[in-house]
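Enquirer: I need the structure of the sequence given here:
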Amino acid sequence: MSFNELPEFGKDCKRLGKKYLSLPDDLELFKKVLEEVPLGTDKHFALLFQNTELKIAKARFFCRFLKKNTLRIIYAYHFSKRQIVFIELYFKGDQNREDKRRIGDYIKQHSA
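Expert: Next up, the predicted model:
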């Protein structure tokens, strides 16, 4: 399984990483979970989009610095490439919903 990220995701991580110091380690742990179960198995994962080659998922992201699962992570899973691309990371208290424009732009670029 390979992992990539959009430049905007990198900015999200940098901004939130200043506030939540365990974020880089938590992201590495999340990657290990995704290697085993790319689309999750419980109520903490939701599919936002799917086609024959691509699925976009949203998951509650556990951060050890926070006591609740108030971070959300949006990522794309490409079946044939066995690749995950991180699209967005946000704090639920700052933003209620995912950035649909960012997700829509990603889908337009990568859908057949």
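
Enquirer: For residue 22, grab the count of nearby residues.
Expert: 14 (other Cβ atoms under 10 Å). C-betas here are computed from N, CA, C, even on glycine.

Enquirer: scratch that, residue 94
Expert: 9.

Enquirer: quick one: what helix or strand has it in it?
Expert: According to DSSP states H and E, residue 94 maps onto no helix or strand at all.

Enquirer: how near is it to residue 56?
Expert: Distance, residue 94 to residue 56, using Cβ to Cβ, to the nearest Å: 21 Å.

Enquirer: Kindly state the pLDDT recorded for the nearest residue to residue 92 once chain neighbours are set aside?
Expert: Leaving aside its chain neighbours, residue 92 sits nearest to residue 70 (4.3 Å; criterion: Cβ to Cβ, 6 or more residues apart in numbering). Per-residue pLDDT puts residue 70 at 79.

Enquirer: so what's residue 70 up against?
Expert: By Cβ atoms under 8 Å, 6 or more residues apart in numbering, the contact set of residue 70 is 63, 91, 92, 93.

Enquirer: rerun that using 10 Å as the cut-off
Expert: 60, 61, 62, 63, 90, 91, 92, 93, 94 (Cβ atoms under 10 Å, 6 or more residues apart in numbering).

Enquirer: And these, which two are furthest apart?
Expert: Greatest spacing in those, by Cβ to Cβ: 62 and 94 (17.5 Å).

Enquirer: mind checking how far stretch 70-77 is from the chain centre?
Expert: 2 Å (Cα atoms, centre = their mean, to the nearest Å).

Enquirer: State whether residue 12 is indeed within a helix.
Expert: Yes. Counting by DSSP: H, G, I helix; E, B strand; the rest coil, residue 12 is found in a helix.

Enquirer: is it true that it touches residue 75?
Expert: No. Residue 12 is beyond contact range of residue 75, at 12.0 Å (criterion: Cβ atoms under 10 Å).
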